[in-house]
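> build me a structure from this.
(one chain, ligands or ions: 2)
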Amino acid sequence: MTKFSFTKATDANDAVLKASSLTNAAFIAGGTNLVDLMKENVARPGALVDINQLPLHTITETEEGGLMIGALVTNAATAYNPLVEKHYPLLSKAILAGASPQLRNMATAGGNLLQRTRCYYFYDTATACNKRNPGSGCPAINGFNRMHAILGASEACIAVHPSDMCIALAALNARIHVLGTGGTRTIGFNGFHRLPAETPEAENNLQPGELITAIELPAEDFSSHYQYIKVRDRSSYAFALVSVAVALQMDGNIIKEARLALGGVAHKPWRNPVVEEHLRNQQISAPLLQDAAEMMLAGARGYGHNNFKIELAKRVIIRAINEAAGIL
Ligand SMILES: Cc1cc2nc3c(=O)[nH]c(=O)nc-3n(C[C@H](O)[C@H](O)[C@H](O)COP(=O)(O)OP(=O)(O)OC[C@H]3O[C@@H](n4cnc5c(N)ncnc54)[C@H](O)[C@@H]3O)c2cc1C
Ligand code: SF4
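Numbers count the residues shown, from 1 in each chain. Ligands and ions are numbered 1, 2, ... in the order given. Below is the predicted model:
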């Protein structure tokens, strides 16, 4: 067991100060991912900064008519919040597709964004892994890679981001509010997580010591036509092989606005604005959806065990759009 110190932050500035000044510090929220990683010796923080006392536990309406979800709101409290259920049911559905009731009671919004990949080699400290130990290699590329990426991967890493919640947040154009030593800033969801490229250890664009304070959902109405489909090896308590979040605005059979995000296929939630533009103002039809699915998977590459994901993703995209539109 690696020794670490434990300290409770009294407010957000105190948390940032502690995280920036203590050596190799990490925030701890629900602990459902970080504690597991510490037990497996994958994460070895020198200091834990407990943020659970911070006033980031509420969901409030913004002046613009959107929602601000505090970073410490649990996944359960988010999914069952009446405002989220009414205005952002896609988010509720995606969250409830993840983990288990017990975990969702502990897991927080901020922690969900930063949960680490479920690549088996990453968790096994007896093996090489570029993400855990940069420069050591990636055994998944020629190894067992059933759950791994088919889009946006690199020769350094083919891991996927495991979150369900983040796939809905990507489709809903969420914004992440953060606080650092230099003050506050907001990051668009697409710019929050990173593709692996040559530095798979860098999973997001947070600066060292930056604290996520809230997730903002813009005031857009995707509450009537949405779907989240998660395909996995077990019907519960399993991470996505492929998941699809769809949010539409419809006028009869015409798609007025489309959002499409894929999970389980890349190091970050996968969106392609060109595909969404292709769907916009079009009458829904089988050829249109087939084209959208093909475009979404353009450039996809399998690594052997995960080749099936390419065709699977296309089929799930078509089904999810049809269901969101109310065709099926
Ligand atoms: C058995 C199991 C099954 C699961 N299944 C699913 C699933 O199907 N789908 C899914 O989406 N998830 C799943 N999860 C993951 C779960 O949702 C995450 O573990 C959880 O969301 C993490 O939140 P937390 O508050 O516990 O984070 P913690 O474990 O406390 O922290 C995780 C990371 O986030 C950092 N952090 C936390 N809060 C902040 C903040 N405010 N600012 C900056 N950094 C912060 C921590 O330093 C740490 O690096 C599963 C987990 C387990 C254990
Ligand atoms: S896919 Fe990424 S996380 Fe998995 S072994 Fe390779 S480098 Fe490590």
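
> can we go C-alpha only for contacts and neighbour counts from here?
Noted.

> and the stretch 51-200 of the chain, which residues reach ligand 1?
Proximity of the stretch 51-200 of the chain to ligand 1 (CA under 6 Å from any ligand atom) is limited to residues 71, 98-99, 106-108, 110-112, 114-115, 162-165.

> from the residues you listed, which single one is nearest R146?
P162 (13.5 Å; CA to CA).

> of the residues of the stretch 51-200 of the chain next to ligand 1, which belong to helices?
106, 110-112, 114, 165 (DSSP state H).

> could you dump these to TSV with distance to G263, neighbour count and pLDDT?
Converted to TSV, these look like this (distance: CA to CA, whole Å; neighbours: other CA atoms under 10 Å; pLDDT from 0 to 100):
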residue	distance to G263	neighbour count	pLDDT
M106	22	19	98
G110	18	24	98
G111	17	24	98
N112	14	23	98
L114	15	18	98
M165	10	25	98
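
> next, format those as CSV and append distance to ligand 2.
Listed next are those as CSV, based on distance: CA to the nearest ligand atom, whole Å:
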residue, distance to ligand 2
M106, 25
G110, 21
G111, 18
N112, 18
L114, 14
M165, 20
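
> could you report the neighbour count for N13?
Per other CA atoms under 10 Å, the neighbour tally for N13 reads 16.

> same question for it, what's its three-state structure.
Under DSSP: H, G, I helix; E, B strand; the rest coil, N13 falls in the helix class.

> for the stretch 51-200 of the chain, what spans make up the helices?
75-79, 82-87, 89-96, 101-106, 109-114, 120-123, 165-171 (DSSP state H, counting those that start in this stretch).

> and the third one, average pLDDT?
This points to helix 89-96. For helix 89-96, mean pLDDT rounds to 98.

> export stretch 286-306 as PDB, just CAs?
Extracted in PDB, the C-alpha atoms of stretch 286-306 (Å, rounded to 0.1, in the frame of the first residue of the first chain):
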ATOM      1  CA  ALA A 286     -34.100   4.100 -44.400                       C
ATOM      2  CA  PRO A 287     -31.500   5.300 -47.000                       C
ATOM      3  CA  LEU A 288     -30.900   8.600 -45.000                       C
ATOM      4  CA  LEU A 289     -30.300   6.700 -41.800                       C
ATOM      5  CA  GLN A 290     -28.100   4.100 -43.500                       C
ATOM      6  CA  ASP A 291     -26.000   7.000 -44.900                       C
ATOM      7  CA  ALA A 292     -25.700   8.600 -41.500                       C
ATOM      8  CA  ALA A 293     -24.600   5.300 -39.900                       C
ATOM      9  CA  GLU A 294     -22.000   4.800 -42.700                       C
ATOM     10  CA  MET A 295     -20.700   8.400 -42.300                       C
ATOM     11  CA  MET A 296     -20.500   8.100 -38.500                       C
ATOM     12  CA  LEU A 297     -18.400   5.000 -38.800                       C
ATOM     13  CA  ALA A 298     -16.200   6.400 -41.600                       C
ATOM     14  CA  GLY A 299     -12.500   5.500 -40.800                       C
ATOM     15  CA  ALA A 300     -13.500   3.000 -38.200                       C
ATOM     16  CA  ARG A 301     -10.900   0.300 -37.700                       C
ATOM     17  CA  GLY A 302     -11.100  -3.000 -35.700                       C
ATOM     18  CA  TYR A 303      -8.200  -4.700 -34.000                       C
ATOM     19  CA  GLY A 304      -9.500  -8.300 -34.200                       C
ATOM     20  CA  HIS A 305     -11.700  -9.100 -31.300                       C
ATOM     21  CA  ASN A 306     -13.600  -5.900 -31.600                       C
END
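
> that one and ligand 2 in contact?
No - using CA under 6 Å from any ligand atom, stretch 286-306 never reaches ligand 2; the gap is at least 10.9 Å.

> can you name the residues in contact with that stretch?
141-142, 144-152, 271-272, 275, 278-279, 307-310, 313-315, 317-318, 321 (CA atoms under 8 Å, 6 or more residues apart in numbering).

> in contact with the residue sitting nearest the centre point of the chain, which residues?
For the chain, C166 is the residue whose C-alpha lies nearest the centre (CA atoms, centre = their mean; 2.9 Å). C166 is in contact with 112-113, 269, counting by CA under 8 Å, 6+ apart.

> distance-wise, check it relative to ligand 2.
From C166 across to ligand 2, the span is 19 Å (CA to the nearest ligand atom, to the nearest Å).
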